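Engineer: below: sequence and its predicted model.
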Amino acid sequence: MTLTRPLTQTTTAPPTFADAAERHLDDVFGYLLYLTRDRPLADDLAGATFEKALRQWSRFDPRRGSARTWLLGIARSTALDWFRAESRRRRREQAAAQPEAQEANFVEGLSPGLQTALAGLSAGEREVLALRIVIELDGEQTARVLGISPTAVSTRLSRALAKLEEKVRNDDLR
């Protein structure tokens with residue numbers, strides 16, 4: 001007599017690339033829009049991000065982090081590569097001396113005082129604010145995206161919020 005057991009093993013299959021891309025498209029685009037403050041550029045960089053992600057999908061390991069964090073890391077890398085290339089292009093054209101055009105608002109509905117205060121923060125401080133507050137990543141996920149420790153994320157966020165509070169308070173007192 002042969003006893004057979006029904007298969008009761010329930011394993012969750014890792015997400016497909018299409019599922020991950022569809023689920024996290026808005027987060028990736030929003031993050032790139034925040035970094036670039038340019039909707040068409042953010043759209044182009046999002047396309048490049050998902051192109052890279054598709055080519056590298058076989059390397060994605062869900063045990064090391066979520067697809068969202070992984071995609072945001074690729075988005076950051078893609079944006080940094082673009083910024084570096086753009087910087088080199090500008091140096092070659094000697095356009096660094098020309099004033100840059102007024103940056104577009106990256107988040108609708110912010111008061112002018114808050115926009116001014118945010119503009120006064122460093123790029124690193126704005127980036128940690130975007131990831132932790134706007135995109136709502138936790139400290140560990142933010143650390144993975146930025147390539148720093150969770151403690152450094154916490155410190156950077158705390159300092160950025162303190163500077164932001166001081167700048168907003170000083171503007172209110174004027």
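Structural biologist: Yes, it's here. Keep in mind that this is a model prediction, so the values were computed, not measured.

Engineer: which helices and strands sit right next to the worst-scoring helix or strand of the chain on mean pLDDT?
Structural biologist: Ranked by mean pLDDT, DSSP states H and E, the weakest helix or strand in the chain is helix 112-119, scoring a mean of 78. Packing partners of helix 112-119 (3 or more CB pairs under 8 Å, 6 or more residues apart in numbering; DSSP states H and E): helix 150-173. Every residue, glycine included, has its C-beta placed from N, CA and C.

Engineer: quick one: distance of the helix it packs on to the chain centre.
Structural biologist: Relative to its chain's centre, helix 150-173 lies at 19 Å (CA atoms, centre = their mean, to the nearest Å).

Engineer: next: stretch 68-87.
Structural biologist: Worked out by CA atoms, centre = their mean, stretch 68-87 lies 8 Å from the chain centre.

Engineer: ok, stretch 110-129 next?
Structural biologist: 15 Å.

Engineer: do the same with stretch 32-49
Structural biologist: With CA atoms, centre = their mean, you get 10 Å for stretch 32-49.

Engineer: got the buried residues for that stretch?
Structural biologist: Judged by neighbour count (16 or more other CB atoms under 10 Å), stretch 32-49 contains these buried residues: 32-36, 41-42, 45-46, 48-49.
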